[in-house]
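Peer 1: Quick one, structure for this:
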Amino acid sequence: MNFRFKFIVAFCMLAGFFAIFFFWPRTVELPKLRVVEAPIFTALDGSDYDLANDKIKLVTFFYTKCPDVCPLTILDLKNLQEKLKKDGLDDSEYQIILITLDPEVDTVEKITEYKENFRVAASNWFFLRGSIEQTKQITEQFSMFNEKTSDGFITHSTTMYLVDASNTIRSHHDMATNSKAVNLEELVSNIQLLINEN
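Peer 2: Modelled structure (predicted):
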């Protein structure tokens, strides 16, 4: 009888251990997709901007002549910033990076006017411009398709990239379109996940 009781106790303990091991909630982690080795870009104030810094970054591409996807996305990203603030996240904990796909046309003056038209004043937004070669290099790093047409418009893929403090792409997110807004809830969740990793 004593042996049987000990056996039952041991079995229950073992079963409890396996239940805890297999069903205890685990911390969700975003996959590590690709390390980005980015060139140095020029910010609107003329300073160098190195994408390989220790900040979490949401990277998107734009050009000032873009008629729909780019401006709609910028408006949604302003809403993203408001959501993050409401969640107690300070601007210093992440950056929003916008890299022009059309450096020949998008001069510093033109991008500055574009930024002012959207009333973007936050210090953690960086509108960047590189040379044609640097732009080619960075779009290849992100597998960002873009092709300029004869009328000056650019056909481009509509993906944004969430990059961690080690400069590794951790998730892809859709830009806004006329029929679909940016998934702000998903972005907020993923940014919080990366901040909690640090």
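Peer 1: What segments of this structure are helices?
Peer 2: For the chain, applying DSSP state H gives helices covering 2-23, 69-86, 108-117, 132-141, 184-197.
Peer 1: Out of these, which gets the lowest mean score?
Peer 2: Ranked by mean pLDDT, those end with helix 2-23 at the bottom, a mean of 49.
Peer 1: quick one: which of the helices of the chain is nearest residue 51?
Peer 2: The minimum distance between residue 51 and the helices of the chain falls on helix 132-141, with 7.8 Å, by C-beta to C-beta. Where C-beta positions appear, they are placed from N, C-alpha and C, glycine not excepted.
Peer 1: hmm, back to that, can you put the helices of the chain in CSV and add mean neighbour count?
Peer 2: Shown next, in CSV, are those (neighbours: other C-beta atoms under 10 Å):
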stretch, mean neighbour count
helix 2-23, 9
helix 69-86, 17
helix 108-117, 15
helix 132-141, 16
helix 184-197, 16
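Peer 1: so which of these gets nearest residue 35?
Peer 2: Nearest to residue 35 among those is helix 132-141 (9.1 Å), distances taken as C-beta to C-beta.
Peer 1: wait, isn't residue 50 in contact with residue 43?
Peer 2: No. Taking C-beta atoms under 8 Å as the definition, residue 50 is not a contact partner of residue 43, at 10.4 Å.
Peer 1: And those two? Which one has more around it.
Peer 2: Neighbours were counted for residue 50 and for residue 43 using other C-beta atoms under 10 Å; residue 43 has more, 14 against 10.
Peer 1: residues touching the more buried one, list them.
Peer 2: 49, 126-128 (C-beta atoms under 8 Å, 6 or more residues apart in numbering).
Peer 1: Could you point out which of the helices of the chain sits nearest residue 32?
Peer 2: Of all these, helix 184-197 comes closest under C-beta to C-beta, at 10.8 Å.
Peer 1: What angle do helix 69-86 and that closest one make with each other?
Peer 2: Angle between the axes of helix 184-197 and helix 69-86 is 50 degrees (criterion: axes from the mean of the first three to the mean of the last three C-alpha atoms, to 10 degrees).
Peer 1: counting contacts, what elements does helix 184-197 pack onto?
Peer 2: Using 3 or more C-beta pairs under 8 Å, 6 or more residues apart in numbering; DSSP states H and E, the elements in contact with helix 184-197 are strand 56-62, helix 69-86, strand 159-163, strand 168-174.
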